[in-house]
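Undergrad: Task: produce atomic coordinates for the following.
(chains A and B, ligands or ions: 2)
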Amino acid sequence: MTLTDRPGPPLWLLAELTYRCPLHCAFCYNPVDFARTTADDELDTEAWLRVLNEARALGSVQCGFSGGEPLVRDDLEVLVAEAHRLGYYTNLLTSGVGLTEDRAEALKRAGLDHIQLSFQDTTKELNDFLSHTRTFDLKQKVAQTIKANGWPMVMNCVIHRLNIDHIGQIIEMAVALGAEYLELANNQYYSWALLNRDQLLPSREQIERAERITNEYRAKLGDKIRIFFVVPDYYETRPKKCMNGWGNVFLTVTPDGTALPCHTAKMLPGLSFPNVREMSVGEIWYDSDGFNRYRGDGWMSDTCKTCPDKEKDLGGCRCQAFMLAGDATAPDPVCDKSPAHHVVLDAVARAQQPGAVTTAPLVFRDPKASRQIAP
Amino acid sequence: MSIDTPALASRFRMQWEEAQQAWVLLYPEGMVKLNASAAEILKRCDGSRDVPALVADLETAFDATGLEPDVRAFLDMARQQQWVA
Ligand code: SF4
Ligand code: SF4
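TA: Ligands and ions are numbered 1, 2, ... in the order given. Got it, this is the predicted structure:
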C-alpha cells in the first residue's frame, strides 16, 4: 500500500484484558502509570464480546489475549470461545501463572489455538530475581500442560544484559520443553524497561556472542525448532517499521477500553485516543483522530518527508521519537539521520563498559512503584 | 505424514477471509495471504492424495494441462515453510 491509501482492516486485534499481574518484571511493557487502571475500570465481559464482534466484522483475524496476566480474568474462557466461534485465530500471551490443568482444558474446549509462554531466564535464581517471584518451576509445569493439550509450543524470552550470557541454556531448555518456536526478543526500551535501561541494555559484544551461539544452535537443531533472534533497535542505524505502520494492521484495546494503534501509544501528548465504550471499532479505526494522526506522511518532519527510505520504515516509532527526542513527529532517534541520534549512541556507549553500568537498583514493576512514579 | 500425500501441517489453519477476499493461512501470531492458485493447491493437501492425483484433480477442475511442474515447485516451497508435511 502507498502512504495515501485508505488503510486496510485491523487484521491484528490485541485485547489487553487487564494490567493485573502476579509478576513484577523489570522490563514490563505495561505503561508505568498502569496502577491508575484498577480492576473496577476494566471492560466487562459484555463489552469485550462486543469488541470481538465488531473487530471481526471489519476483518480482524488474529486475536491476541494479553495483559498483565490475562489468566487473572475469570471470563477468559468465555472470550476465547466467542473469538473462536467468530473465526479468529486465537493466541494467549501468558506468563503461565494461573494456567492450571483445569483451565488449560477449558481453554482447549473453548477453541484456543495457541499459547505463547514467556520465560525470563533458565537460571532459577536470575529468573526469580528478575521476575521477583518464584515462578520458574511452575513454568516448567505449564509447558508440559501446553504440550499435553496439543498446542504448538511457542516460547518467548525477553533478552537483556542480565540474562543474555545464558542464551545457550535458554535454547536448551526450550528444546527440552518441546518448544517449536523460540523467540529471543531483545528488550525494547519502553515503559519499565526504559526506567531500567542502563541495567538492561547489553553491550555489543554480548549481542554478537549471543547471535553467534544462536546460529550454532540453529545449525545443530535444524527443523526441530525455529529460533527468532530480535536485535535491540538501539544497535541498528535504521528504525523498525513500528507496528508495521501506525494504524495499518494493529489495533490494541487496553483494559479500560482505550483503543490504541500500539500498546505504548497512550504516552503520546496531545492525542486523545477513543474508547470502545463510546465509539464503534469501525469509527475508531477509520475516523478517529488518534488513529489518523500518524497515518500517511503529512505529519512527518522534513528529515523523514524528504527521505528516500520513508516507505521502508515510515519514520520509525512515534513513541521512541517522543521519549528520546521529545517530539512525536521527529524521526525515530534510532535512525542515524535523526538530530537526536546521539541519545541512542550515548546509551549504547555506556552499555559497552564491563559489569554494572549503574549502581541504581532495578525498578520492578508493581502497583506501588507505579503510583510513586505517576501518582 | 508422508511427502507422497501432502497434508497441511497441524499448526496451520486455512480459511476464507471475506474482508481480504482471499484464502489465508493462519498460524501462531502470523498470517499468509494466499493467491488463488496457492489456495487451490493447499485445499487439496489433505493427506488423501499423492501429487499425481492432486495434479489430475486440479487439471480437471480448471480444465488445464501441464500443471505438474508448478504444483511441485509450490509444494517444495510449502514444505520449506513447513506449511505442508
Ligand atoms: S512483563 Fe511481566 S510484569 Fe509485565 S505483564 Fe508481563 S509478566 Fe506481568
Ligand atoms: S530519516 Fe526518517 S524515514 Fe528516513 S530512514 Fe530515518 S527515520 Fe526512516
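Undergrad: Now do the buried residues in the lowest-mean-pLDDT helix or strand in chain B.
TA: One helix or strand of chain B scores below all others by mean pLDDT, DSSP states H and E: strand B:30-33, with a mean of 92. Across strand B:30-33, burial judged by 16 or more other C-beta atoms under 10 Å in any protein chain shown covers B:Met31. For every residue, glycine as well, the C-beta is placed using N, CA and C.
Undergrad: What helices and strands are in contact with it?
TA: strand B:22-27 (3 or more C-beta pairs under 8 Å, 6 or more residues apart in numbering or on different chains; DSSP states H and E).
Undergrad: Now do the helices in chain B.
TA: Taking DSSP state H to define them, one finds helices in chain B at B:36-43, B:51-62, B:68-80.
Undergrad: Columns mean pLDDT and distance to A:Ser301 on top of those helices, output as CSV?
TA: Compiled in CSV, these are given as follows (pLDDT from 0 to 100; distance: least, C-beta to C-beta, whole Å):
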stretch, mean pLDDT, distance to A:Ser301
helix B:36-43, 95, 41
helix B:51-62, 94, 52
helix B:68-80, 94, 41
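Undergrad: picking that back up, outside of the least confident helix or strand of chain B, which residues touch it?
TA: For strand B:30-33, contacts defined as C-beta atoms under 8 Å, 6 or more residues apart in numbering or on different chains pick out A:11, A:61-62, A:89, B:20, B:22-25, B:83.
Undergrad: export these to TSV and tack on pLDDT and neighbour count?
TA: As requested, these are exported to TSV (pLDDT from 0 to 100; neighbours: other C-beta atoms under 10 Å in any protein chain shown):
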residue	pLDDT	neighbour count
A:Leu11	95	22
A:Val61	97	22
A:Gln62	97	24
A:Tyr89	97	23
B:Gln20	93	16
B:Ala22	95	15
B:Trp23	97	19
B:Val24	97	19
B:Leu25	96	22
B:Trp83	92	22
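Undergrad: wait, which of the residues you listed is closest to A:Gly247?
TA: Comparing the contacts of strand B:30-33 against A:Gly247 with C-beta to C-beta places A:Leu11 closest, at 11.9 Å.
Undergrad: OK, contacts around A:Asp302?
TA: If you count contacts by C-beta under 8 Å, 6+ apart, A:Asp302 has none.
Undergrad: Kindly provide the distance from it to A:Ser338.
TA: 12 Å (C-beta to C-beta, to the nearest Å).
Undergrad: Any idea which residue of chain B lies closest to chain A?
TA: The minimum distance from chain B to chain A, using C-beta to the nearest C-beta, falls at B:Ala19 (2.6 Å).
Undergrad: who touches the nearest residue to that residue once chain neighbours are set aside in this structure?
TA: Using C-beta to C-beta, 6 or more residues apart in numbering or on different chains and skipping the chain neighbours, the partner closest in space to B:Ala19 is A:Gly59 (2.6 Å). For A:Gly59, the contacting residues are A:8-11, B:17-20, by C-beta under 8 Å, 6+ apart.
Undergrad: So A:Gly59 versus B:Leu58, what's the distance?
TA: From A:Gly59 across to B:Leu58, the span is 29 Å (C-beta to C-beta).
Undergrad: most centrally placed residue in chain B?
TA: Geometric centre of chain B, nearest residue: B:Leu42, 1.6 Å, by C-alpha atoms, centre = their mean.
Undergrad: Just give the nearest non-adjacent residue to that residue, would you?
TA: Here the residue nearest B:Leu42, using C-beta to C-beta, 6+ apart, is B:Met14, at 5.9 Å.
Undergrad: Run a quick neighbour tally on that neighbour.
TA: 16 (other C-beta atoms under 10 Å in any protein chain shown).
Undergrad: partner residues bridging it?
TA: B:Leu25 (DSSP bridges).
Undergrad: Which pLDDT value goes with it?
TA: In this model, B:Met14 is scored at 96, pLDDT.
Undergrad: Could you tell me which residues make contact with it?
TA: B:8, B:23-26, B:34, B:39, B:42-43.
Undergrad: In TSV: those residues, plus distance to A:Asp289.
TA: Shown next, in TSV, are the contacts of B:Met14 (distance: C-beta to C-beta, whole Å):
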residue	distance to A:Asp289
B:Leu8	43
B:Trp23	35
B:Val24	31
B:Leu25	35
B:Leu26	32
B:Leu34	35
B:Ala39	38
B:Leu42	41
B:Lys43	43
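Undergrad: tell me which of these is nearest to ligand 2?
TA: Distance to ligand 2 across the contacts of B:Met14 (C-beta to the nearest ligand atom) is lowest for B:Val24, with 29.4 Å.
Undergrad: chain center to the lengthiest helix in chain A: distance?
TA: The longest helix of chain A (DSSP H) is helix A:204-221. Distance, stretch centre to chain centre, for helix A:204-221: 23 Å (C-alpha atoms, centre = their mean, to the nearest Å).
Undergrad: And the helix or strand that comes right after it, what's buried?
TA: Later in the chain than helix A:204-221, the nearest helix or strand by DSSP states H and E is strand A:226-230. Under the neighbour-count criterion of 16+ other C-beta under 10 Å, strand A:226-230 has A:227, A:229 buried.
Undergrad: now strand A:226-230: how far from the chain's centre is it?
TA: 15 Å.
Undergrad: Show me what it is packed up against.
TA: Where contact means 3+ C-beta pairs under 8 Å, 6+ apart, strand A:226-230 is packed against strand A:181-186, helix A:204-221.
Undergrad: Pick the most deeply packed of these.
TA: Mean neighbour count (mean count of other C-beta atoms under 10 Å in any protein chain shown) peaks for strand A:181-186 among the helices and strands packed on strand A:226-230, with a mean of 22.
Undergrad: Name the residues that touch the next helix or strand after that one?
TA: As assigned by DSSP H and E, the chain's next helix or strand after strand A:181-186 is helix A:191-195. With C-beta under 8 Å, 6+ apart as the contact definition, helix A:191-195 has outside contacts at A:25-32, A:160, A:187, A:200, A:264, A:323, A:363, A:365, A:373.
Undergrad: weakest of the helices and strands packed on strand A:226-230 in terms of mean pLDDT?
TA: Per-stretch mean pLDDT for these is lowest at strand A:181-186 (a mean of 88).
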